[in-house]
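**Student:** coords please:
(chains A and B)
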Amino acid sequence: MYKFLLCWRYLRTRWIALASIVSVTLGVSAMIVVNSVMSGFVSEMHNRLHGILSDVVLESRNLNGFPYAERHMEKIRQVAGDRIDAMTPTVTVPAMLAWDTGSQVVSRPVQLIGIDPSTQGDVSAFCDYLQHPENRVHPSFDLRGGGYDVHDHQAGPESPERSQMADAGWPERERWARELAFQRSLEKPKKTPEPQPKDDIPNPFAAAPAEETAHVFDPGKEQYDGVVLGIATVTFPDPNSKDGRLRFLLLPGNDVKLSTINASQRDPKFVTSNFTIVDFYESKMSEYDSQMVFVPLRKLQEMRGMIDPEKNTAYVNSIQIKLRPGVDGAKVRDDLAKAFPSSTYVVSTWQDKQGPLLAAVNMEITILNILLFFIIAVAGFGILAIFLMIVVEKTRDIGILKSLGASRSGVMSIFLGYGLSLGLVGSGAGLVIGLLFVRYINEIADWVGEVTGRPLFDPNIYYFYRIPTIIDPWTIAWIVLGALGIAVLSSVLPALRAATLHPVKALRYE
Amino acid sequence: MRLEPQPLPHGRGSVFSPIVNFQRPFAMSKHATTKRSEENRSPGSSATSLGTIHRTTPAKDTGPVVLSATPHRVDPPHARPDILRATGLFKSFRKGPVEVPVLRGVDLTVRQGELLAVVGQSGSGKSTLLHLLATLDVPDQGEIHFEGLRIDRLPGRRRDLLRNRRFGMIFQFYHLLPELNVLENVLAPLMIAQSVWSYVLHRRQHRRRAAEFLELVGLSHRLKHKPRELSGGEMQRTAIARALVTQPDLLLADEPTGNLDAETGREIIEVLRRLNRERNLTIVMVTHDPEIARQADRVIRLVDGRVETA
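**Tutor:** Okay, here's the model as predicted:
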């Protein structure tokens, strides 16, 4: 009992000791904040990575892919049917995105992905990242009449408005078609008359205009095949706005050209086709949003000549597989890798695909934790020093306690208990500060941004409007236990010293 | 001086007796006594496993603590049995390379219920002798027997128990704990004696007991004061109450008046004298003041580390 009483009295009367645990407090709160933010960030990143990548992917090593996607899917079902939720075939090729701004042609390298809109949503969170509410439920490559999100639906209504998106869809297309028609009407007089060939050699292109007349494409009423662009391919953050407002160069309803290489084995050729933007894809992973372009699988296969009429099949170059919940992706990957010859096929999980990135982030977290834990360890030395001081100061009291019959272990536990209670106070304060900090981290970041005039968390870079945080009770428990452990460990030496003091010498100590 | 073991006085068990019982012949109130004697069996059992320095005295209710009660003393001093006996005590301290002998063969017998004064000049080894008797220190040679049990070579834990339960100590510099108030200082030995659980269970009785002892030394109006707010005499009274609260068999006083003015010193000695007379408390008192030594039943003079019979 006297141990608790004395611990409590020492705790209340010795402010210098409380000073030594400020660094425990700081260390604990810093670790809580860092771990919460990092795990929020990692989980957000996992979601986004996983949002576009299906659980397991079977890819061909050949860009031109393999035929008989259906039979491959059957084979996959034979190997791991009970663990598979859904599958969809895709074609992924590098391509060039281009559009005419009126004054120049803008072009960009992209990753062109042919998808089956009806099944793509089954294997990944593709649909969730689209901008039209209908497309998020039933994705379609047909242009919508309007009603695209004006606010980023993932960030909520507090995110900056995307006012340009209000007119997206057919209204934009009609406006654009009228503008085009007006420009054509200005250009027409110059174009006519078409210079006739002077000799009698028949013009090999002469037949072409005749065919065109059969069906004149009316951009105001018709669309080309739909394309879903990664949002960052045709937008950029407005440099004049502080809140990460986007400037749209193109909108759903506008046309773009996509060029890629055909699948011919002998003489690869450049093939180009017109597409109409039907939606934007926004995963908030800038790597994906600035590269991914989705078109209908069939159209891409046609464009690249991947359809084999003789064999009556089309080529695909990967099959995306979604697993049932709780299934170990690595196990399925290994099973599939055995079933498909590795010279032709690669099977990988989504973690494999993003392995280096995930590993780098985990490494960062580990190193931060180690560094921050050093803060607490340093605090341990502070406690050690101050405790040794207190033991010297309390030498006579220790002698008194021993003369009253206090045992060595009793005297020792006074100081161990003192260390523990200091640790409890320190890490308790750290816990409260850390949790409050995490709770109000966005407000704090905004405030710091205002004061310093430099936004701490620039949405232009991170694509998040709010700092994501996840508080893991186990992590916090470990942090607090670690801090307590250090506080107790560093009081062991002073406590031992106190316990081994000779009672007579201690009583005579002046 | 008789060296053969003495029969233990009536009602006092051997120090090896395994049963914990704080009851003393001069226990407090009837109510508290009966209650405690029942409860002490279970909560005290944790202490039982630690050692065997406990009492077996059955609860004997002699009413509340009152100094006006009839003295217990019956036998004349010389007829009473020994409580503490030291033979051939040697102790020296090392100061650098030089060995400084302090005690050079001290023989000493303390009889039950007497007030024994040990006098001598500064450096004659009085305090060292007292520390040895209190098992705070270990003699280089010689033996100390308490109620027939050799105590100078006991393991540490059992010496702690002995100091806590059978001995009371008071010092020249009072040695109160500055963080605790008067009442808590007096409670400290009880806190040390008992586990947290049993202390908390009996805290009311303990507080009452401590308050009664403080009343006994005339400090009942100062319970909540910190030691630094007290005068020297008050601090020494607190120390006496603290030494008595576990109802020890032997009070060891190291220059109890050494730091007090003559008048206050007399008052303190008066308190000790009363305790000795009315409660049959055995007291060994070290002092250099012949005036105070005169109050004792018997005086032993230490000269150069040896006893010179007065």
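**Student:** all contacts plus neighbour counts: C-alpha atoms, from now on.
**Tutor:** Will do.
**Student:** in the chain, what spans have low per-residue confidence?
**Tutor:** All of this is about chain A. A:188-215, A:242-244, A:457-465 (pLDDT under 70).
**Student:** that's the wrong chain, I meant chain B
**Tutor:** Applying pLDDT under 70 to chain B flags the ranges B:1-79, B:309-310.
**Student:** Tell me which stretches of chain B form helices.
**Tutor:** Remark: helices assigned in chain B by DSSP state H are B:30-39, B:45-48, B:126-133, B:156-165, B:182-193, B:196-201, B:203-216, B:232-244, B:262-279, B:290-293.
**Student:** In JSON lines, list these along with distance to chain A and mean neighbour count.
**Tutor:** Output for the helices of chain B, formatted as JSON lines (distance: least, CA to the nearest CA, whole Å; neighbours: other CA atoms under 10 Å in any protein chain shown):
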{"stretch": "helix B:30-39", "distance to chain A": "18", "mean neighbour count": "15"}
{"stretch": "helix B:45-48", "distance to chain A": "12", "mean neighbour count": "16"}
{"stretch": "helix B:126-133", "distance to chain A": "7", "mean neighbour count": "23"}
{"stretch": "helix B:156-165", "distance to chain A": "4", "mean neighbour count": "22"}
{"stretch": "helix B:182-193", "distance to chain A": "5", "mean neighbour count": "26"}
{"stretch": "helix B:196-201", "distance to chain A": "5", "mean neighbour count": "16"}
{"stretch": "helix B:203-216", "distance to chain A": "10", "mean neighbour count": "20"}
{"stretch": "helix B:232-244", "distance to chain A": "8", "mean neighbour count": "25"}
{"stretch": "helix B:262-279", "distance to chain A": "19", "mean neighbour count": "18"}
{"stretch": "helix B:290-293", "distance to chain A": "23", "mean neighbour count": "16"}
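**Student:** right, and those helices - which one's nearest A:Leu484?
**Tutor:** Proximity to A:Leu484 (CA to CA) singles out helix B:196-201 among the helices of chain B, at 22.6 Å.
**Student:** Which positions in the stretch 1-150 of chain A make contact with chain B?
**Tutor:** Neighbours of chain B within the stretch 1-150 of chain A, by CA under 8 Å from any CA of the partner chain: A:Met1, A:Tyr2, A:Leu6, A:Arg9, A:Tyr10.
**Student:** any idea what the residue of the stretch 401-510 of chain A found nearest chain B is structurally, helix, strand or coil?
**Tutor:** Nearest residue of the stretch 401-510 of chain A to chain B: A:Gly405, at 4.2 Å (CA to the nearest CA). With DSSP: H, G, I helix; E, B strand; the rest coil as the basis, A:Gly405 sits in coil.
**Student:** ok, it to A:Gly220 distance?
**Tutor:** From A:Gly405 across to A:Gly220, the span is 100 Å (CA to CA, to the nearest Å).
**Student:** Tell me which of the two has more neighbours.
**Tutor:** More neighbours surround A:Gly405 than the other of A:Gly405 and A:Gly220, with 29 against 18 (other CA atoms under 10 Å in any protein chain shown).
**Student:** can you pull the contacts of the more buried one?
**Tutor:** B:Arg159, B:Asp160, B:Leu161, B:Leu162, B:Arg163, B:Asn164, B:Arg165, B:Pro189, B:Ile192, B:Ala193 (CA atoms under 8 Å, 6 or more residues apart in numbering or on different chains).
**Student:** tell me which residues form a beta bridge with B:Glu143?
**Tutor:** Judged by DSSP bridges, the bridge partners of B:Glu143 are B:Thr87.
**Student:** Counting neighbours, what do you get for it?
**Tutor:** Residues contacting B:Glu143 under the criterion other CA under 10 Å number 21.
**Student:** Please determine how far it is located from chain A.
**Tutor:** From B:Glu143 across to chain A, the span is 19 Å (CA to the nearest CA, to the nearest Å).
**Student:** One more: B:Pro178?
**Tutor:** To chain A, B:Pro178 is 8 Å away according to CA to the nearest CA.
**Student:** Quick check: closest non-adjacent residue to that residue.
**Tutor:** B:Pro227 (5.8 Å; CA to CA, 6 or more residues apart in numbering or on different chains).
**Student:** again with A:Ile113
**Tutor:** A:Ile113's closest residue in space is A:Thr92 (CA to CA, 6+ apart), at 4.4 Å.
**Student:** count of neighbours near that neighbour?
**Tutor:** Neighbours of A:Thr92 (other CA under 10 Å): 22.
**Student:** In PDB, please show the C-alpha coordinates belonging to the helix or strand it falls within.
**Tutor:** Using DSSP states H and E, A:Thr92 falls within strand A:84-100. The C-alpha trace of strand A:84-100 is given here as PDB (Å, rounded to 0.1, in the frame of the first residue of the first chain):
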ATOM      1  CA  ILE A  84     -13.700 -18.000 -58.400                       C
ATOM      2  CA  ASP A  85     -16.400 -15.400 -58.300                       C
ATOM      3  CA  ALA A  86     -16.200 -13.800 -61.800                       C
ATOM      4  CA  MET A  87     -14.000 -13.500 -64.900                       C
ATOM      5  CA  THR A  88     -13.700 -11.200 -67.800                       C
ATOM      6  CA  PRO A  89     -11.400 -11.200 -70.900                       C
ATOM      7  CA  THR A  90      -9.600  -8.000 -71.700                       C
ATOM      8  CA  VAL A  91      -7.100  -6.700 -74.300                       C
ATOM      9  CA  THR A  92      -4.500  -4.300 -73.200                       C
ATOM     10  CA  VAL A  93      -2.300  -2.500 -75.700                       C
ATOM     11  CA  PRO A  94      -0.300   0.700 -75.700                       C
ATOM     12  CA  ALA A  95      -1.900   3.300 -77.800                       C
ATOM     13  CA  MET A  96      -1.900   7.000 -78.800                       C
ATOM     14  CA  LEU A  97      -4.800   9.300 -77.800                       C
ATOM     15  CA  ALA A  98      -5.200  12.300 -80.000                       C
ATOM     16  CA  TRP A  99      -7.700  15.100 -80.400                       C
ATOM     17  CA  ASP A 100      -8.100  18.300 -82.500                       C
END
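**Student:** next helix or strand past it?
**Tutor:** As assigned by DSSP H and E, the chain's next helix or strand after strand A:84-100 is strand A:105-115.
**Student:** So for the next helix or strand after that next one, what gets flagged as buried?
**Tutor:** On the C-terminal side of strand A:105-115, the nearest following helix or strand under DSSP H and E is helix A:117-123. Judged by neighbour count (16 or more other CA atoms under 10 Å in any protein chain shown), helix A:117-123 contains these buried residues: A:Pro117, A:Gln120, A:Gly121, A:Asp122, A:Val123.
**Student:** Looking at these, which is nearest chain B?
**Tutor:** Chain B has its nearest neighbour among those in A:Val123, at 61.7 Å by CA to the nearest CA.
**Student:** nearest spatial neighbour of that closest one, skipping sequence neighbours?
**Tutor:** Nearest residue to A:Val123, sequence neighbours excluded (CA to CA, 6+ apart): A:Lys322, at 4.8 Å.
**Student:** for that neighbour, what are its contacts?
**Tutor:** Taking CA under 8 Å, 6+ apart as the test, what A:Lys322 contacts is A:Ser54, A:Asp55, A:Val56, A:Ile84, A:Asp85, A:Ala86, A:Met87, A:Asp122, A:Val123, A:Ser124.
**Student:** list the contacts for the fourth one?
**Tutor:** Contact partners of A:Ile84, counting by CA under 8 Å, 6+ apart, are A:Arg77, A:Ile321, A:Lys322, A:Leu323, A:Arg324.
**Student:** So which of those sit within helices?
**Tutor:** Those of these mapping onto helices are A:Arg77, per DSSP H.
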